[in-house]
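Enquirer: Sequence first, then the predicted structure:
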Amino acid sequence: MAFDQGLADRIRRALETRADVEEKHMFGGVAFMVRDHMCCGVVQSSLMVRIDPDASDHLLRDPNVRSMDVTGRPMRGFLFVDGVETDASLLEWLDRAVAYAETMPMNGVNGGGDEMEAMNANATGGGDELGGGDDMMDQPMDPMMPGGGGGGGGGRRRTAVRRVVRKKKAAKKRSARKRVAKRVAKRGVKRRARRVAKRGAKRAAKRVGRGVRRAVRKAGRTVRRKRRAVRRTKRAVRRTVRKKK
């Protein structure tokens, strides 16, 4: 895959005074190692730099800067930079990358090891600096294509990671459904309680009304009985008076 040879030449001239610089072809471009650590490079037409991960969030505010996401996931500390037409802007980014590379011990001093753990965890697995040796480094890899390049171990790791991510998403969906179901159930219980309360109040009112009506009817019957008794008494008195006459 073609990359910006002019930008690569500018980086070579900027780093030519250092004796600990090594150039390697990878990702379909070229990378420059400083003290046996990935420092910077060129992928297609973009400058690739490795900086302090803690400073990457601040630098990503620049519209010309984006995360390096060769696997579809951003890798902290690895950035693609566009718009480095001037030597001053290029040197500014190279100074950041070199300064971070100088903070790490040389691989030869601490016995080697997997210096690129961050990239291996997110990209590929295998042997060399980027997991896969020189053959992998010579393979073209589009930095904007998720999962491009890499070895079989990296593919298995990526598959396992995707499986874990899918399980987490499914668990979140299940928990969200349970929460929604609980809320719906609570609302249903409240609605039923309100309905029962309304029905109970209506029934109580009906019972009170029936009792009042019964009491009124009973009082009416009592009044009518008394009236009949009074009328009977009056008729009896009249009969007695007529007989005496």
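Expert: On my side now, so go ahead.
Enquirer: Give me the next element, helix or strand, following the worst-scoring helix or strand of the chain on mean pLDDT.
Expert: Using mean pLDDT, DSSP states H and E, the weakest-scoring helix or strand in the chain turns out to be helix 133-138, at a mean of 38. Remark: after helix 133-138, the chain's next helix or strand is helix 152-244, criterion DSSP states H and E.
Enquirer: which secondary structure elements does that next one contact?
Expert: The contact analysis (3 or more CB pairs under 8 Å, 6 or more residues apart in numbering; DSSP states H and E) places helix 152-244 against no helix or strand. For the C-beta atoms, the positions are set from N, CA and C on the backbone; glycine is no exception.
Enquirer: what's the spacing between that helix and its chain's center?
Expert: Distance of helix 152-244 from the chain centroid (CA atoms, centre = their mean, to the nearest Å) equals 45 Å.
Enquirer: pLDDT of that helix, averaged?
Expert: Average pLDDT, helix 152-244: 84.
Enquirer: do stretch 104-121 as well
Expert: 53.
Enquirer: got it, and stretch 80-92?
Expert: Here the average pLDDT along stretch 80-92 is 91.
Enquirer: ok now that stretch, how far from the chain's centre?
Expert: Distance, centroid of stretch 80-92 to centroid of chain: 34 Å (CA atoms, centre = their mean).
Enquirer: If you count neighbours, what's buried in that stretch?
Expert: Within stretch 80-92, the residues that count as buried by 16 or more other CB atoms under 10 Å are 80-81, 84, 90.
Enquirer: Distance-wise, check the residue nearest to the spatial centre of the chain relative to Ser175.
Expert: Compute the mean C-alpha point of the chain, and by CA atoms, centre = their mean the closest residue is Lys169, 8.9 Å away. Here the criterion is CB to CB, to the nearest Å. By it, Lys169 lies 11 Å from Ser175.
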